[in-house]
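*Asks:* sequence and predicted structure, then a few things I'm wondering about:
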Amino acid sequence: AKALAEIKEILRMAQKDETLDVTIEVYAHTDAIGDALYNLRLRESRAKQMRVWLSNAGIDMRKLRAVAPLQFEQE
């Protein structure tokens, strides 16, 4: 809920300045289990699902971009 409120606030602030064109990137990650192609598809699916969820929560979908990093995060 806090992240959603912060995204909405960022976009509200950007609307006040016509020189700004803000796009929120939605990232999704996986662990190293599974092969590279499976994990890439899983990251893509997760990012797209989150983009739809944010849109349903009131964020303009045109301001959201789903991103699937090519590699998993290592701890």
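*Replies:* Structure received.

*Asks:* for the longest helix along the chain, packing partners?
*Replies:* Secondary structure of the chain per DSSP state H: the longest helix is helix 36-56. With contacts taken as 3 or more CB pairs under 8 Å, 6 or more residues apart in numbering; DSSP states H and E, helix 36-56 sits against strand 24-27, strand 64-67. C-beta here means a position set from N, CA and C on the backbone, and glycine is covered the same way.

*Asks:* list the neighbouring strands of the last one plus their orientation.
*Replies:* Under the criterion DSSP bridges, strand 64-67 sits next to strand 24-27 (parallel) in its sheet.

*Asks:* in the partner strand, which residues are buried?
*Replies:* For strand 24-27, a neighbour-count test (16 or more other CB atoms under 10 Å) marks residue 26 as buried.

*Asks:* ok, residue 22 to residue 52 distance?
*Replies:* 19 Å (CB to CB, to the nearest Å).

*Asks:* correction: the previous question concerned residue 25.
*Replies:* Distance, residue 25 to residue 52, by CB to CB: 15 Å.

*Asks:* bridging residues for the spatially most central residue of the chain?
*Replies:* Geometric centre of the chain, nearest residue: residue 26, 1.0 Å, by CA atoms, centre = their mean. Bridge pairing for residue 26 (DSSP bridges) gives the partners residue 66.
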